[in-house]
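Undergrad: Just to be clear, the model below is a prediction. Sequence and coordinates:
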Number of protein chains: 2
Amino acid sequence: MRDLARAVNLQGGSLYAHIDSKEELLFELVNRAAARFIAMAEAVPPTLTIRERLERLVEGHLEVIAEELGSATVFFHEWKFLSPALQAKVKALRDRYQAYWLEVIGEGVRRGELEVEDVHTATLFVLSALNWTYQWYRPGGRLSLEGLSRQYAQLILAALRAK
Amino acid sequence: MRDLARAVNLQGGSLYAHIDSKEELLFELVNRAAARFIAMAEAVPPTLTIRERLERLVEGHLEVIAEELGSATVFFHEWKFLSPALQAKVKALRDRYQAYWLEVIGEGVRRGELEVEDVHTATLFVLSALNWTYQWYRPGGRLSLEGLSRQYAQLILAALRAK
DNA sequence: CAAGGTGCCTAACAAACGTTCGGAAGAACC
DNA sequence: GGTTCTTCCGAACGTTTGTTAGGCACCTTG
């Protein structure tokens, strides 16, 4: 907390004029990150083809991670340290986001545009590959965000056997 | 440290009859996990087909994660908190493991059995998908380890456009 | 101008942290 | 049989942790 305070030019105790607890702060951060993922996903028009929707989702997901690498790291790691009540709230958002992906992939399979053995496992596979990028992707690195998005979309569409 | 001590029926201070520091303990754990991944990979006979080698690597990777979910979690998260010197040692092992995967995938591409735009990105993609499983896979869950391995191998081979 | 509110400080709190130390009890070795 | 070694305890150390409290300076509002 004293580190956070210093980062905004305050003394440790002064933070508590603005927040109630460290946990509230953590929740706020994690919650905002989750909300960004959902907002991104729900902004993708369902009228597009499955392929296009997936491409947009991949790009959007990687964009959110890239734009706030710091928050993303906290988002993926520290939500476990929230109280059960707050943890449940975050989990609800996460599930909603995952359900969105599942829905898109499921719809693709139903239309015969994708082909996977199990939609649930396939969804987890895709999100796993995307989530882990926060571990190694660094803006300004060898790979641009656009390049990464394009290649990842390609790999994911191939994995889902897109026609 | 007091928690760790209690887990082996000792008092906090008594641990220090056996170890030098908390960091040494963390390094030991992280190092062993890394070694397990490498040992698994290097036990896969290079005489097999590319497809078989990848299937074995996928299964092996998921097995290591599943067998020590706790260690895996620490391995993936806490290595960042080691001193630069120890961090470098771990990083060397991790790079060696990644290089092994890169070599197999690269060889597959060279032989025309796989087809990817960039071998390096494809390797990161595959390892990303595999690594993240520690976040959600739980033994005894909906999906058996065998089922998961088989499906993941299938998804990965499709992503790499295996012939 | 008085009154209240806001924003921040310094100081302190209790608890938890990693670690050290002296000593006690038992096992192993000459 | 005495000595050394090992294993562990209990207590303490200095630091860091999240958080609270009292007070000062400033701004806003009646």
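TA: Ah, there it is.

Undergrad: how much space between the closest residue to residue A:64 other than its chain neighbours and chain B?
TA: For residue A:64, ignoring the flanking residues on the chain, the nearest one in space by Cβ to Cβ, 6 or more residues apart in numbering or on different chains is residue A:36 at 5.2 Å. In this view, the C-beta of every residue, glycine as well, is placed from N, C-alpha and C. The span separating residue A:36 from chain B equals 19 Å under the rule Cβ to the nearest Cβ, to the nearest Å.

Undergrad: For residue A:36, what is the enclosing helix or strand?
TA: Secondary structure from DSSP states H and E places residue A:36 in helix A:22-42.

Undergrad: Over to residue A:149?
TA: helix A:145-159.

Undergrad: What ranges does chain A have for its helices?
TA: Assigned helices in chain A, in chain order: A:2-7, A:22-42, A:50-67, A:69-77, A:84-110, A:119-131, A:145-159 (criterion: DSSP state H).

Undergrad: who wins for proximity to residue B:64 among the ones you listed?
TA: Comparison of the helices of chain A against residue B:64 by Cβ to Cβ identifies helix A:119-131 as nearest, at 16.0 Å.

Undergrad: Of all the residues in that closest one, which ones are buried?
TA: Neighbour counts over helix A:119-131 (16 or more other Cβ atoms under 10 Å in any protein chain shown) mark A:119, A:121-131 as buried.

Undergrad: From the residues you listed, pick the one nearest residue A:21.
TA: Among the buried residues of helix A:119-131, residue A:131 lies closest to residue A:21 (Cβ to Cβ), at 27.7 Å.

Undergrad: thinking that closest one is in contact with residue A:76, fair?
TA: Yes - proximity of residue A:131 to residue A:76 meets the contact threshold set by Cβ atoms under 8 Å, at 6.4 Å.

Undergrad: May I see the buried residues of stretch A:96-115?
TA: For stretch A:96-115, burial by neighbour count (16+ other Cβ under 10 Å) applies to A:97-98, A:100-102, A:104-106, A:108-109, A:113-114.

Undergrad: thinking in terms of the whole chain, how far from its middle is it?
TA: On the basis of Cα atoms, centre = their mean, to the nearest Å, stretch A:96-115 sits 17 Å off its chain's mean C-alpha point.

Undergrad: can you check stretch A:118-127 too?
TA: Taking mean C-alpha positions (Cα atoms, centre = their mean), stretch A:118-127 and its chain are 15 Å apart.

Undergrad: does it come close to chain B?
TA: Yes - using Cβ under 8 Å from any Cβ of the partner chain, a contact is recorded between stretch A:118-127 and chain B, made by A:118, A:121-122, A:124-127.

Undergrad: cool, stretch A:82-90 as well?
TA: No - shown here: stretch A:82-90 not in contact with chain B (Cβ under 8 Å from any Cβ), separated by at least 13.8 Å.

Undergrad: With stretch A:55-62 instead?
TA: No - Stretch A:55-62 lies apart from chain B when judged by Cβ under 8 Å from any Cβ; the minimum separation is 11.2 Å.

Undergrad: Mind listing residues that contact that stretch?
TA: Residues outside stretch A:55-62 that contact it (Cβ atoms under 8 Å, 6 or more residues apart in numbering or on different chains): A:37, A:40-41, A:43-44, A:48, A:101, A:104, A:130, A:133, A:137, A:145, A:148-149, A:152-153, A:156-157.

Undergrad: related to what we said a few turns ago, in the helix holding residue A:149, which of the residues would be classed as buried?
TA: Of the residues in helix A:145-159, those scored as buried under the neighbour-count criterion (16+ other Cβ under 10 Å) are A:145, A:148-159.

Undergrad: Switch the residues you listed over to a markdown table; also include pLDDT and distance to residue A:57.
TA: Listed next are these as a markdown table, based on pLDDT from 0 to 100; distance: Cβ to Cβ, whole Å:
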| residue | pLDDT | distance to residue A:57 |
| --- | --- | --- |
| A:145 | 97 | 15 |
| A:148 | 98 | 14 |
| A:149 | 98 | 10 |
| A:150 | 98 | 14 |
| A:151 | 98 | 15 |
| A:152 | 98 | 11 |
| A:153 | 98 | 9 |
| A:154 | 98 | 14 |
| A:155 | 98 | 14 |
| A:156 | 98 | 9 |
| A:157 | 98 | 11 |
| A:158 | 98 | 16 |
| A:159 | 98 | 14 |
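
Undergrad: Can you give me the neighbour number for residue A:66?
TA: Neighbours of residue A:66 under the rule other Cβ atoms under 10 Å in any protein chain shown: 18.

Undergrad: how far away is it from residue A:104?
TA: Applying Cβ to Cβ, to the nearest Å, the value for residue A:66 to residue A:104 is 21 Å.

Undergrad: Residue A:122 too?
TA: Applying Cβ to Cβ, one obtains 11 Å for the distance of residue A:122 from residue A:104.

Undergrad: List the contacts of the residue lying closest to residue A:106 once chain neighbours are set aside.
TA: The shortest distance from residue A:106 to any residue that is not its chain neighbour, by Cβ to Cβ, 6+ apart, is 4.8 Å, and that residue is residue A:119. Counting by Cβ under 8 Å, 6+ apart, residue A:119 makes contact with A:102, A:105-106, A:109.
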